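S.K.: can you look at this prediction? I've put the sequence above it.
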Amino acid sequence: MQDPFIREHIEELLTNIRTQVLLRLIKPYTRIRLQYLSQQLRVSIAEVKRLLIDTILDEGLPARIDETDNILYVKPTGEHKQDSSLSISAMNGWIDQIDKVLVAIATRNKE
């Protein structure tokens, strides 16, 4: 790749691809080690930090980087909050049903 025009566009393309892979990698986590991201992307930790900083600033990724421990902390989005509120509602429904069963058993035992 001697041509600087092609080299410039290939670098931009690689950055875009790495950013998309990075977003897919971190999606299921609330915290993830930069070392793991570095291994998955096959780039240096410094490059991972650069990609993360660009993504946080440009795309509004709700996250922060702990540079001491090299960990990315991702803040839960509304999607995660909605999922957990649905889980809590389902558990509350189960608790109500168990209470009804316990009351029925207790009244049967008294008879």
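M.R.: Great, that's in hand. Numbering: from 1, shown residues only.

S.K.: how about the longest helix along the chain, which residues are buried there?
M.R.: Secondary structure of the chain per DSSP state H: the longest helix is helix 78-110. With burial defined by 16 or more other CB atoms under 10 Å, not one residue of helix 78-110 is counted as buried. Using the backbone N, CA and C atoms, a C-beta is placed for each residue, glycine as well.

S.K.: helices and strands around it, which ones?
M.R.: Under the contact definition 3 or more CB pairs under 8 Å, 6 or more residues apart in numbering; DSSP states H and E, helix 78-110 sits against no other helix or strand.

S.K.: next helix or strand past the one helix or strand Ile17 maps to?
M.R.: Assigned by DSSP states H and E, Ile17 belongs to helix 4-26. Next along the chain after helix 4-26, taking DSSP H and E as the criterion, comes strand 31-33.

S.K.: ok, that next one: who's next to it in the sheet?
M.R.: strand 71-74 (antiparallel) (DSSP bridges).

S.K.: and the helix holding Ile17, C-alpha only, in CSV?
M.R.: What follows is helix 4-26, C-alpha atoms only, in CSV (Å, rounded to 0.1, in the frame of the first residue of the first chain):
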residue,chain,number,x,y,z
PRO,A,4,-1.1,7.5,0.5
PHE,A,5,-4.7,8.1,-0.7
ILE,A,6,-5.5,4.4,-0.4
ARG,A,7,-3.6,4.1,2.9
GLU,A,8,-5.6,7.0,4.4
HIS,A,9,-8.9,5.4,3.5
ILE,A,10,-7.9,1.9,4.6
GLU,A,11,-6.9,3.3,8.0
GLU,A,12,-10.3,5.1,8.2
LEU,A,13,-12.1,1.9,7.2
LEU,A,14,-10.1,-0.2,9.8
THR,A,15,-11.0,2.3,12.5
ASN,A,16,-14.7,2.1,11.6
ILE,A,17,-14.7,-1.7,11.6
ARG,A,18,-12.8,-1.8,14.9
THR,A,19,-15.3,0.6,16.4
GLN,A,20,-18.2,-1.5,15.3
VAL,A,21,-16.6,-4.7,16.7
LEU,A,22,-15.7,-2.9,19.9
LEU,A,23,-19.3,-1.8,20.4
ARG,A,24,-20.5,-5.4,19.8
LEU,A,25,-18.0,-6.7,22.3
ILE,A,26,-18.9,-4.4,25.1
